[in-house]
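Q: sharing a model that was predicted from the sequence below.
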Amino acid sequence: MSFELPRLPYAYDAFAPLLTAETFEYHHGKHHQAYVNNLNGLIPGTEFENADLVTMIKKAEGGIFNNAAQVWNHTFYFESFSKSGARQPSGTFSDALKEGFGSLESFKEQFTRAAATLFGSGWAWLVESEDGSLRILQESNAGNPLRQGLKPLLTCDVWEHAYYIDYRNRRPDYLKAFWEIVDWDIISSRYQ
Ligand code: MN
């Protein structure tokens, strides 16, 4: 199987100046593309030659795991944003957030803290357990909760390449921008 870089559901300049076109040109056009290219170069002749990304995330190690997870993680991340999306969660997902974290504001504080304190490169995740309860996780490097049997609902990329062009070393300012562009209808629809 050969993988292709997914097209983004918005223009590169859709969220400027919060996240600029230059950030998307590098983050999607160069970094995400490189993970796709690396993966396509690694899998021929291996047991994963015809596998899908989730199978590789659950079973592969080393370079195949890293690149498959980075392809999936970036697609999931980029598909969480929209220009005119819902700014509040809805339905049963909204209820689960309140049950798990007290309120939307409290959830955002806890998720932001997880993203801000993650040492080095990685991803902050909101995941759903089998019983429908919600948890926040920190994963280093290409880490993905699917490997632990958990369902991802939301992720924030805290690799420096996600924010360095617009915010330099100021990860907390990037996290503020992140909340401005998350589409809660998309996140809500991933629940259950
Ligand atoms: Mn990234």
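A: All right, it came through fine. Numbers count the residues shown, from 1 in each chain.

Q: got the domain boundaries for the protein?
A: 21-78, 91-189 (automatic domain parsing).

Q: and the first one, average pLDDT?
A: Per-residue confidence for domain 21-78 averages out to 98 on the pLDDT scale.

Q: how long is that domain end to end?
A: 13 Å (CA to CA, to the nearest Å).

Q: and what of the longest one?
A: Length of domain 91-189, first residue to last, CA to CA: 9 Å.

Q: quick one: that domain near the ion?
A: Yes: residues of domain 91-189 contacting the ion under CB under 5 Å from the ion: 157, 159, 162. The C-beta positions use only the backbone N, C-alpha and C, and glycine is treated the same way.

Q: the first one bridge partners, please.
A: Same thing as Asp157. Trp123 (DSSP bridges).

Q: quick one on the thing from earlier: pipe the domains of the chain into CSV and attach mean neighbour count and distance to Ser84 per row.
A: CSV is the format used below for those (neighbours: other CB atoms under 10 Å; distance: least, CB to CB, whole Å):
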stretch, mean neighbour count, distance to Ser84
domain 21-78, 18, 17
domain 91-189, 17, 8
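
Q: so which of these gets nearest Arg7?
A: Of all those, it is domain 21-78 that lies closest to Arg7, at 9.2 Å by CB to CB.

Q: mind putting the domains of the chain in JSON lines, distance to Phe15 included?
A: Shown next, in JSON lines, are the domains of the chain (distance: least, CB to CB, whole Å):
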{"stretch": "domain 21-78", "distance to Phe15": "8"}
{"stretch": "domain 91-189", "distance to Phe15": "5"}
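
Q: before we move on, back to that, nearest to Pro44 among the residues of domain 91-189 next to the ion?
A: Among those, Trp159 lies closest to Pro44 (CB to CB), at 27.0 Å.
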